[in-house]
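Q: how would this look folded up:
(one chain, ligands or ions: 1)
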Amino acid sequence: MFLPRIVKRMSPLLGSRMSLNACRFASTDLVRTEVDDKTGIAVVTMNRKPVNSLNLELLRELSSALDAVEKNKSRGMILASSLDTVFSAGLDITEMYKPDQARLKDFWTTLQEVWLKLFGSGFPTAAAINGHAPAGGCLLAMSCEYRVMRPNLTIGLNETQLGIVAPSWFMSTMENILPRREVELALTLGKMFSTEKAHEIGLVDEIVDTKEEALAKCTEFIQLFARVPREARALTKQSFRREALQKLDRDQDLQMFIYLVNQPQVQKGLGLYFESLKKK
Ligand SMILES: CCCCCCCCCCC/C=C/C(=O)SCCNC(=O)CCNC(=O)[C@H](O)C(C)(C)COP(=O)(O)OP(=O)(O)OC[C@H]1O[C@@H](n2cnc3c(N)ncnc32)[C@H](O)[C@@H]1OP(=O)(O)O
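A: Below is the predicted model:
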């Protein structure tokens, strides 16, 4: 259960430039939320070692953090990772392999919820991609409005490479950024792009060397909207994204997911993939 802790602290977030700004913290072990009092921007940092794989608990806390950002009327939100080389490894395979059925349902429902809140948020969002971002990790980054990434990393929807299929709302999220043809190729190949290639095709907006620079660039992006009326901006964004949001039929999607994941050949594939990750 997420219990926001609101305290005043000095911010260690953005290095010396920001170090005198007081921040409000609403944090749990898995997700840290820090709102800079000067900019009014919240930084939501995923913190689940070793690779920020998205299990039910991390998703629940992300969902609560998004509610808190909305409720606090933050100027915007930056999504980041506390880990040095991984933004998020995507969905936690252990949630889908030999699953407990009630938990599996909860897991998928919470993932849908996180996407609806993040992709459909009224406040401005940016992703500081300071590590690899495969599959569900790429989904989170793509759900934001702006992406800044460190060099020599990878990002993409690699599902077909694992013998599984990205749900249609993962596809719509990529289609909100890239031309249809590029998306079809990326999805059917299960393509993981290097930072540099992702930047070239427009999946990533900027490349920077450090996490601090990524946070600073994301802040600059969000501050572009400082003089734009908040409601008008929010409604414009939500109207632009409405078609993708409305296409998700949550019940049907859940039933399809449960059915497919429980297929013996999918279970076998997930098991083999999980083993290969362990042996790496
Ligand atoms: C035919 C129809 C079928 C339809 C089926 C429907 C199913 C719907 C599917 C929904 C869409 C799925 C979305 C997903 O997100 S699936 C997850 C995809 N993710 C990946 O492929 C990433 C896998 N991980 C990596 O590539 C690397 O770990 C990474 C580059 C992220 C980091 O590399 P690094 O070298 O730093 O770390 P390690 O690889 O050594 O990993 C450390 C430990 O973490 C474990 N691990 C890694 N990724 C995951 C994961 N996604 N889930 C669970 N655990 C993970 C890894 O095994 C290591 O564990 P140990 O230390 O115990 O060995």
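Q: Which residues are in contact with Ala127?
A: Each residue near Ala127 by Cβ atoms under 8 Å, 6 or more residues apart in numbering is listed here: 78-80, 87, 140-141, 144, 146-148, 218. To be clear about C-beta, it is placed using only N, CA and C from the backbone, and glycine gets the same treatment.
Q: Would you list the phi and psi of Leu260?
A: phi -70, psi -50 (degrees, to the nearest 10).
Q: So it sits against Val266, correct?
A: Yes: proximity of Leu260 to Val266 meets the contact threshold set by Cβ atoms under 8 Å, at 5.9 Å.
Q: overlap in contacts of the two?
A: Ile164.
Q: circling back to that earlier point, list the ones among the contacts of Ala127 that fall in helices.
A: Among these, DSSP state H puts 140-141, 218 in helices.
Q: Can you tell me which of these is closest to Ser168?
A: Closest to Ser168 out of the ones in helices among the contacts of Ala127 is Leu140 (17.2 Å), distances taken as Cβ to Cβ.
Q: residues contacting the closest one?
A: So Leu140 contacts 54, 79, 87-88, 114, 118, 127, 133 (Cβ under 8 Å, 6+ apart).
Q: so which of those is the most crowded?
A: Ala133 (33 neighbours; other Cβ atoms under 10 Å).
Q: what about it, distance to Ile177?
A: 13 Å (Cβ to Cβ, to the nearest Å).
Q: what do you get for Asp253?
A: In this structure, Asp253 and Ile177 are 21 Å apart, going by Cβ to Cβ.
Q: One more: Phe107?
A: 26 Å.
Q: Same question for Leu58.
A: Taking Cβ to Cβ, one finds Leu58 at 24 Å from Ile177.
Q: These two: who's more crowded?
A: It is Leu58, of Leu58 and Ile177, that has more neighbours when counted by other Cβ under 10 Å, with 22 against 18.
Q: what ranges do the strands span in the stretch 101-250 of the chain?
A: For the stretch 101-250 of the chain, the strands defined by DSSP state E, counting those that start in this stretch cover 125-129, 133-134, 147-149, 154-156, 193-194, 206-207.
Q: Quick check: which of the ones you listed is nearest to Arg233?
A: Proximity to Arg233 (Cβ to Cβ) singles out strand 125-129 among the strands of the stretch 101-250 of the chain, at 11.8 Å.
Q: Packing partners of whatever helix or strand Ser64 lives in?
A: Taking DSSP states H and E as the criterion, Ser64 maps to helix 56-71. Under the contact definition 3 or more Cβ pairs under 8 Å, 6 or more residues apart in numbering; DSSP states H and E, helix 56-71 sits against strand 31-36, strand 41-46, helix 101-119.
Q: Quick one: closest of those to the ligand.
A: helix 101-119 (8.4 Å; Cβ to the nearest ligand atom).
Q: Can you check what angle separates that closest one from strand 41-46?
A: Calculated by axes from the mean of the first three to the mean of the last three Cα atoms, to 10 degrees, helix 101-119 forms an angle of 150 degrees with strand 41-46.
Q: Output the contacting helices and strands for helix 101-119.
A: If contacts are counted by 3+ Cβ pairs under 8 Å, 6+ apart, helix 101-119 sits against helix 56-71, helix 93-96, helix 136-143, helix 168-175, helix 230-247, helix 250-261.
Q: let's go with 10 Å and repeat that
A: Applying 3 or more Cβ pairs under 10 Å, 6 or more residues apart in numbering; DSSP states H and E, one finds that helix 101-119 makes contact with helix 56-71, helix 93-96, strand 125-129, helix 136-143, helix 168-175, helix 230-247, helix 250-261.
Q: How much space separates Ala102 from Arg227?
A: 48 Å.
Q: Could you list the low-confidence segments of the chain?
A: The chain contains residues with pLDDT under 70 at 1-26.
Q: Get me the contact residues on it for the ligand.
A: 50-51, 53, 85-86, 89-94, 132, 134-136, 158-159, 162, 164-167, 257, 260-261, 266, 277-278, 280 (Cβ under 6 Å from any ligand atom).
Q: Repeat the analysis, applying 5 Å as the threshold.
A: 50-51, 53, 86, 89-93, 132, 134-136, 164-165, 260, 266, 277-278 (Cβ under 5 Å from any ligand atom).
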